[in-house]
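Visitor: got a predicted model here, sequence first, then my questions.
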Number of protein chains: 2
Amino acid sequence: MAAASARQVNIAIIGAGGVGKCFLSQLEQLAARRPSPKLVLTYISTSKKALYSTDHVAINIADATATLAASQQAPLALPKLVEFLGTSGSKTVLVDNTSSQDVADAYPLFLNSGISIVTPNKKAFSGSYKLWQDIFAAAAQSGSRVYHESSVGAGLPVISTLKDLVDTGDEVTKIEGVFSGTMSFLFNSFAPTSGSGGQWSAEVKKAKELGYTEPDPRDDLNGLDVARKLTILARLAGLPVESPTSFPVQSLIPKELESVSSGDEFLEKLPAFDAQMEATKAEAEKEGKVVRFVGSIDVAAKQVKVGLEKFDLSHPIAALKGSDNIISFYTKRYGSNPLIIQGAGAGGDVTAMGVTSDLLKVLSQIA
Amino acid sequence: MAAASARQVNIAIIGAGGVGKCFLSQLEQLAARRPSPKLVLTYISTSKKALYSTDHVAINIADATATLAASQQAPLALPKLVEFLGTSGSKTVLVDNTSSQDVADAYPLFLNSGISIVTPNKKAFSGSYKLWQDIFAAAAQSGSRVYHESSVGAGLPVISTLKDLVDTGDEVTKIEGVFSGTMSFLFNSFAPTSGSGGQWSAEVKKAKELGYTEPDPRDDLNGLDVARKLTILARLAGLPVESPTSFPVQSLIPKELESVSSGDEFLEKLPAFDAQMEATKAEAEKEGKVVRFVGSIDVAAKQVKVGLEKFDLSHPIAALKGSDNIISFYTKRYGSNPLIIQGAGAGGDVTAMGVTSDLLKVLSQIA
C-alpha cells in the first residue's frame, strides 16, 4: 500500500483559463506517455466552481474542463483545500494557474503541509518580501518544492538559468532585457531598426486588436508587469527588493489619462499625446539609436529600474522581433559577452510549458 | 547510521585538467555553502595518478590538486573503481571531467551499480548509438541519474532546454546554430558584419596563439567537434543518429594538408589555400551576406549537417561576437521566432558550471 502510493502523485489545479487549459492538455499527454509515477488529478477549480470527491477519485483529465463547467460544487476555501489534499495519503502537487494574490498568500500553508507548488503566478514572488521569505522558509522546512519558471518569460529558461548561475557560485553583476511581450511588440513596430514605424497611439490600438494587450492597455503601459518580473529576478540574484513599487518604474500612461474611466476612452484620447513619444523616438534616432522599454538590475549598485532606454541598432535588444522577450545575464564567469535567452515570453502554450517542466522537476525529486 | 548516510553523498572525480580544476573550486565553494547533503570527495584521479583510501576517508577538496600531484597511487581500473565506490555505503556521484572514450564506455557499468554521473564528456553521448541506448537503459533500470549539460555549449542551458521542450510535448522542428567557440571566433574575425576582416590563415594562426584552438588547429577545422554536439542534440530530439560521421560534415582542412605531420606545418602551409576561403567570403558578400560555420538538424526531414552557410547581416548568427555560441530551437509552440540561447560555449569556468549545476540536479533527486 505504501509502495503503491509512493509511485502515485496527486495533482490539484486552481485556474482553468487560457494557461490552465493549455496545461491540462500537456498534463493529459504527460500522464499518457509516462506510466510512472501515476499522475492523478484529484481537484480542479475556477473562482466559481470545483470538481473533487471526498475519497480523491481520479478526475478524467481529457474532459476535465467540460465536467468542471457542468459541476455544481463550489471551490473549497484555501485552508479547507490544504486539509482535503492532506488526507489523500499520496504526495500532492498544487498547480496554481491563476494570477490571484489570495492563492499566492496561501502558499506557505500548502508548503508547510508538504504540498509542492508549480505556478506561473507572479504575485507570490513579487508581492511583499515577507511573503517571499515565508514561502521559501516553508519549503525548506517541510521538504516540499516550489517552482515558478513561467513567472518570468513564460517557458523560456530564465529562472532556472539564474538559479544555476547563483547556485554554482557565479557572480551575477547585471540583468537586462525586454520582459514584456506587449512592450516588445509595441516598440518593435513603433521604432523599428529599419523603416519609420507607426504612430504610437495607432500601434497601441493595433496591439490591443491583436490581443497583445490586457483588456485595458494601461495595465501593460504602467510598467507594473515588468516591475513584478524584475522584482523576482532581483530577489533571486540576492537583492532583498521590498516590492515592485520600491524602485523607479516609468509609466507610459500620460498623467492626464491615468484616471479616465475605461480602456476605450484611454485609446480614444491617446492620439493627443503622440507628440511626446514621437519626440522620444526622434531623440534616439538623432543618436542613430532606437528606443525600447527595458528592465535592468545592477546587482553591485543594488539598483533596479524599468523604463525607456536607447539602444544601438546592432544591439540584440534593438534587433528583437515580434513580441519576443530577451534577457541578458552579465556575470563574472561570462565576462563582457552576456548569456542571452530570447524567444516568446507570453502565450498559453509556452507559459504552460514552463509549468509542465516545473512539474517534471518536482516529480523527479519527490516521486 | 542509515539516516546519516542518506544525508551524505560521495563524489568521485576522474580528470583534473582545465575543467577539472575549475570544477574542484566550485565543489569546494558548494560544500562550504550547503551543509546538506554533506559532500565527501572520496576518489580523484588523472590518467597517471589517483588519491583514495580503502575506507573512503574524505579528501580535502581545497588542496586535492596538490595532494594528487604528490600521490604515489595509480588510478583504479574502471571496473575496480565501480567496485570500490560501491563499498562506501553512501550514494555516489561520478564526475567525469575527461574527454576519454574509455571512461565513457564504462558509464553503463557505473550506472548499473547505482552510481550517478555528471560530465562534460561528449564521447559517451556522441559515440555509437548502442552506447547511448545502453547508458540510458542502465540509468532507467537502476534509478541512477546521468546529466551532461556541458557536452554542448558548456554551461549554456542547451541540453536542459531541449529536454524540457521534448518532455513537455512540444514538437522540435529544427535546431540551428554556431556550436564551436573556435569556429565562432574565426568567422567573426574573418568575415565580420562590418569591416573587411583578416586573411583566413592569419585568423587561424591568431586563434591558435590566443589559445582558442586545439594544439593542432585541424582538430577544430575538421568539424568533428561540432558533429559530436549535433549528434547529441539530434538524439535528444528523437533522431537515432548512428554516429557523428553518419551525416555530412564539411571539413575546412584543405585536402592537401590533411596528412601533413604537425599542426605547425599545417599553419605554415595554410596561406597557400587562402584563395579558396576568400572566394567563399566574396560570394557571400555579393549577396550582402556573411559566411558562418554552422550545424543544423531538420527533425522532420531527419537531416543533420555541419558546414559553411551564408547569413543576412541582421541574422542573429551573423551578429554573434567573440567566441560566443548561439543555438536556435524552432518548435511548434514557439512558431516562426525560435527560442534562442547565446553566450560563451567554451572555457573552464563555464564548462565546470554546467557540471556543477548537473550535480545540484542529481543531489536534489537522490539526497
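Guide: Looks like it arrived, so ask away. Numbers count the residues shown, from 1 in each chain, chains lettered A, B, ... in the order given.

Visitor: now do the strands in the stretch 151-300 of chain A.
Guide: Secondary structure of the stretch 151-300 of chain A (DSSP state E, counting those that start in this stretch): strands located at A:172-178, A:289-298.

Visitor: same check on the stretch 1-150 of chain A?
Guide: With DSSP E, counting those that start in this stretch, the ranges of strands along the stretch 1-150 of chain A come out as A:8-14, A:38-45, A:50-52, A:91-96, A:116-118, A:146-147.

Visitor: just put these in CSV and tack on distance to chain B and mean neighbour count.
Guide: No exception for glycine: its C-beta is placed from N, CA and C like everyone else's. Listed next are the strands of the stretch 1-150 of chain A as CSV, based on distance: least, Cβ to the nearest Cβ, whole Å; neighbours: other Cβ atoms under 10 Å in any protein chain shown:
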stretch, distance to chain B, mean neighbour count
strand A:8-14, 14, 23
strand A:38-45, 13, 22
strand A:50-52, 23, 21
strand A:91-96, 13, 25
strand A:116-118, 12, 27
strand A:146-147, 11, 24
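
Visitor: same list (these) but as TSV, adding mean pLDDT.
Guide: Formatted as TSV, the strands of the stretch 1-150 of chain A follow (pLDDT from 0 to 100):
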stretch	mean pLDDT
strand A:8-14	97
strand A:38-45	97
strand A:50-52	98
strand A:91-96	98
strand A:116-118	98
strand A:146-147	98
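
Visitor: quick one, which of those strands gets closest to A:Leu320.
Guide: Evaluated over those, closeness to A:Leu320 peaks at strand A:146-147, with 26.9 Å, by Cβ to Cβ.

Visitor: same for the closest one, what does it pack against?
Guide: For strand A:146-147, the contact count by 3 or more Cβ pairs under 8 Å, 6 or more residues apart in numbering or on different chains; DSSP states H and E identifies strand A:116-118, helix A:129-142, helix A:348-366 as packing neighbours.

Visitor: these into JSON lines, with extra columns for distance to A:Ile326?
Guide: Converted to JSON lines, those look like this (distance: least, Cβ to Cβ, whole Å):
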{"stretch": "strand A:116-118", "distance to A:Ile326": "25"}
{"stretch": "helix A:129-142", "distance to A:Ile326": "25"}
{"stretch": "helix A:348-366", "distance to A:Ile326": "15"}
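
Visitor: most tightly packed of these?
Guide: Taking mean count of other Cβ atoms under 10 Å in any protein chain shown as the contact definition, the stretch among those with the greatest mean neighbour count is strand A:116-118, which reaches a mean of 27.

Visitor: look at A:Ala4 and report its pLDDT.
Guide: For A:Ala4, the model assigns a pLDDT of 40.

Visitor: revised request: answer the last question for A:Ser194.
Guide: Here, the pLDDT recorded for A:Ser194 equals 89.

Visitor: okay, now the domains of chain A?
Guide: Using automatic domain parsing, the domains assigned to chain A come out as A:8-154+A:350-366, A:158-346.

Visitor: quick one: which of the strands of the stretch 151-300 of chain A is nearest chain B?
Guide: Distances from chain B to each of these were compared by Cβ to the nearest Cβ, and the smallest falls on strand A:172-178, at 12.2 Å.

Visitor: the closest one pairs with which strands?
Guide: strand A:289-298 (antiparallel), strand A:324-331 (antiparallel) (DSSP bridges).

Visitor: what's near enough to touch A:Ser126?
Guide: With contacts defined as Cβ atoms under 8 Å, 6 or more residues apart in numbering or on different chains, the neighbours of A:Ser126 are A:151, A:227-229, A:231-232, A:243-244.

Visitor: how much space separates it from A:Phe247?
Guide: Here the criterion is Cβ to Cβ, to the nearest Å. By it, A:Ser126 lies 12 Å from A:Phe247.

Visitor: who touches both of the two?
Guide: Contact criterion Cβ under 8 Å, 6+ apart; residues bridging A:Ser126 and A:Phe247 by contacting each: A:Ala227.

Visitor: where exactly do the helices run in the stretch 51-200 of chain A?
Guide: Assigned by DSSP state H, counting those that start in this stretch, the stretch 51-200 of chain A shows helices spanning A:64-70, A:78-86, A:101-105, A:107-112, A:123-126, A:129-142, A:159-167, A:181-190, A:200-209.

Visitor: same check on the stretch 201-350 of chain A?
Guide: Read by DSSP H, counting those that start in this stretch, the stretch 201-350 of chain A holds these helices, from start to end of the chain: A:218-221, A:224-236, A:263-269, A:274-286, A:348-366.

Visitor: so which residues on the stretch 251-367 of chain A come close to chain B?
Guide: Residues of the stretch 251-367 of chain A that fall close to chain B, judged by Cβ under 8 Å from any Cβ of the partner chain: A:314, A:316, A:319, A:321-322, A:324, A:333-344, A:347, A:349-350, A:353, A:356-357, A:360, A:364-365.

Visitor: one more pass at 7 Å, please.
Guide: Proximity of the stretch 251-367 of chain A to chain B is assessed by Cβ under 7 Å from any Cβ of the partner chain, with A:314, A:319, A:321-322, A:324, A:333-334, A:337-344, A:349-350, A:353, A:356-357, A:360, A:364-365 identified as the residues in range.

Visitor: cool, and the stretch 51-200 of chain A?
Guide: Listed as neighbours of chain B in the stretch 51-200 of chain A under the rule Cβ under 7 Å from any Cβ: A:156-157, A:160-161, A:164, A:167-170.

Visitor: drop anything exposed from the residues you listed.
Guide: A residue is treated as buried here by neighbour count (16 or more other Cβ atoms under 10 Å in any protein chain shown); on that basis the buried members of those are A:156-157, A:160-161, A:164, A:167-170.

Visitor: for chain A, what are the low-confidence residue spans?
Guide: Screening chain A residue by residue with the criterion pLDDT under 70, one finds the ranges A:1-6.

Visitor: which residues touch the most centrally placed residue in it?
Guide: Geometric centre of chain A, nearest residue: A:Ser151, 2.4 Å, by Cα atoms, centre = their mean. With contact taken as Cβ atoms under 7 Å, 6 or more residues apart in numbering or on different chains, A:Ser151 is in contact with A:120-122, A:125, A:159, A:232.

Visitor: ok, stretch A:207-223 near chain B or not?
Guide: No: under the criterion of Cβ under 7 Å from any Cβ, stretch A:207-223 makes no contact with chain B; the nearest approach is 13.9 Å.

Visitor: now do the buried residues in that stretch.
Guide: Neighbour count says stretch A:207-223 has A:207-208, A:212-213, A:216-218, A:220-223 buried, by 16+ other Cβ under 10 Å.

Visitor: burial count for A:Gly195?
Guide: Using other Cβ atoms under 10 Å in any protein chain shown, A:Gly195 has 8 neighbouring residues.

Visitor: so for A:Ala16, which of the helices of the stretch 51-200 of chain A sits nearest?
Guide: Across those, closest to A:Ala16 is helix A:64-70 (Cβ to Cβ), at 5.9 Å.
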